[in-house]
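> need a 3D model of the following:
(one chain, ligands or ions: 1)
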Amino acid sequence: MGNNVPAITVRGLRVVRGGQAVLDGLDLTVPAGQVVGLLGPSGSGKTTLMRTVVGAQVVASGEVRVLGEPAGSAALRPRIGYVTQAPSVYVDLTVTENLRYAAAILGLGQREVDRAIDEVDLGAHARQGIGTLSGGERSRVSLAIALLAHPELLVLDEPTVGLDPVLRRDLWDLFGRLAAGGASLLVSSHVMDEAARCDRLVLMRQGAVLADATLPELLARTGAADAEGAFLALVDEAEAGGGGGPGGRGPGAAGRHATGTGSAA
Ligand SMILES: Nc1ncnc2c1ncn2[C@@H]1O[C@H](COP(=O)(O)OP(=O)(O)OP(=O)(O)O)[C@@H](O)[C@H]1O
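Take a look at the predicted model:
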């Protein structure tokens, strides 16, 4: 979209967790106004990267800028929506009550509450207690809360886990609409067929970025028929090249998930 400032710029990022280098020499630029898919095997560092972007992760070295500000700046808080894998909602309240509570903290009114509930298609469950919702419905409540303040950047950690194909399609449609409205989205997924819904794909492996391109570019580069094939081809290429691919000097994250293809749930 019309904004020249990238949504996210990461240079030489190194993050150590539990004494291990989980991210090592990671570089990435996420353009504004796009849906960027973050794909990679379990343990490749997707959640850690997202935590860093939202300012929730201690960084060993490197630079992370978000919407033109250093990651973690207080000024960024209302401009970013973050939805983790564990829905953070009050189980003894209804959907609407959860939204109203979050809206009150943000100084927003009922209109925004109703809009956010509509956007995630939870209108039929608005008066239901969180404890009675399905897992997929519950995670959409977290998404609705993240959408309340019209964030410029949405960071979504596996938002489609546990959703049926119709809901997954509807959510990806919503992500597309949000990007068309100027928002930037970083969305992690294990589901390679969701890659087709992203403007760009960032493939992570062993704490570094293995590829950052559009799906057509990845397919052209590898000759693969789909995102999963492209990812596997790139992993093979990195391994054949020795050193475990870009960032492969980081022994911390290497080796523990070497067989992951990113296709498993
Ligand atoms: N608190 C911690 N202490 C030690 N190691 C950690 C800690 N948190 C994460 N790790 C390790 O860091 C690596 C990256 O974890 P991360 O959660 O970022 O991966 P991921 O790509 O999001 O995985 P998944 O797709 O399974 O959610 C993993 O090997 C994990 O075991």
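
> hey, let's count contacts and neighbours off CA atoms from now on
Will do.

> distance of Asp157 relative to Gly109?
27 Å (Cα to Cα, to the nearest Å).

> so which bits of the stretch 51-200 of the chain are right by the ligand?
For the stretch 51-200 of the chain, no residue is in contact with the ligand (Cα under 6 Å from any ligand atom).

> returning to that earlier point: Asp157 and Gly109: who's more crowded?
Taking other Cα atoms under 10 Å, Asp157 and Gly109 do not tie; Asp157 has more neighbours (21 against 13).

> quick check: the more buried one touching Gly45?
No: with contact defined as Cα atoms under 8 Å, Asp157 does not reach Gly45; the gap is 11.6 Å.

> the stretch 51-200 of the chain: helices as residue ranges?
95-106, 110-119, 135-147, 165-180 (DSSP state H, counting those that start in this stretch).

> and the ones you listed as TSV, adding mean neighbour count and mean pLDDT?
What follows is the helices of the stretch 51-200 of the chain, written out as TSV (neighbours: other Cα atoms under 10 Å; pLDDT from 0 to 100):
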stretch	mean neighbour count	mean pLDDT
helix 95-106	19	96
helix 110-119	18	96
helix 135-147	23	90
helix 165-180	16	91
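
> out of those, which is closest to Gly81?
Taking Cα to Cα, helix 135-147 is the member of the helices of the stretch 51-200 of the chain nearest to Gly81, at 4.6 Å.

> pull that closest one out as PDB, backbone CA atoms only.
This file holds the C-alpha atoms of helix 135-147, laid out as PDB (Å, rounded to 0.1, in the frame of the first residue of the first chain):
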ATOM      1  CA  GLY A 135     -11.600 -24.100  20.600                       C
ATOM      2  CA  GLY A 136     -11.900 -22.400  17.200                       C
ATOM      3  CA  GLU A 137     -14.600 -20.000  18.500                       C
ATOM      4  CA  ARG A 138     -12.500 -19.200  21.500                       C
ATOM      5  CA  SER A 139      -9.400 -18.300  19.400                       C
ATOM      6  CA  ARG A 140     -11.600 -16.000  17.300                       C
ATOM      7  CA  VAL A 141     -12.600 -14.100  20.500                       C
ATOM      8  CA  SER A 142      -8.900 -13.300  21.000                       C
ATOM      9  CA  LEU A 143      -8.700 -12.200  17.300                       C
ATOM     10  CA  ALA A 144     -11.700  -9.900  17.800                       C
ATOM     11  CA  ILE A 145     -10.000  -8.300  20.800                       C
ATOM     12  CA  ALA A 146      -6.900  -7.800  18.700                       C
ATOM     13  CA  LEU A 147      -9.000  -6.100  16.000                       C
END
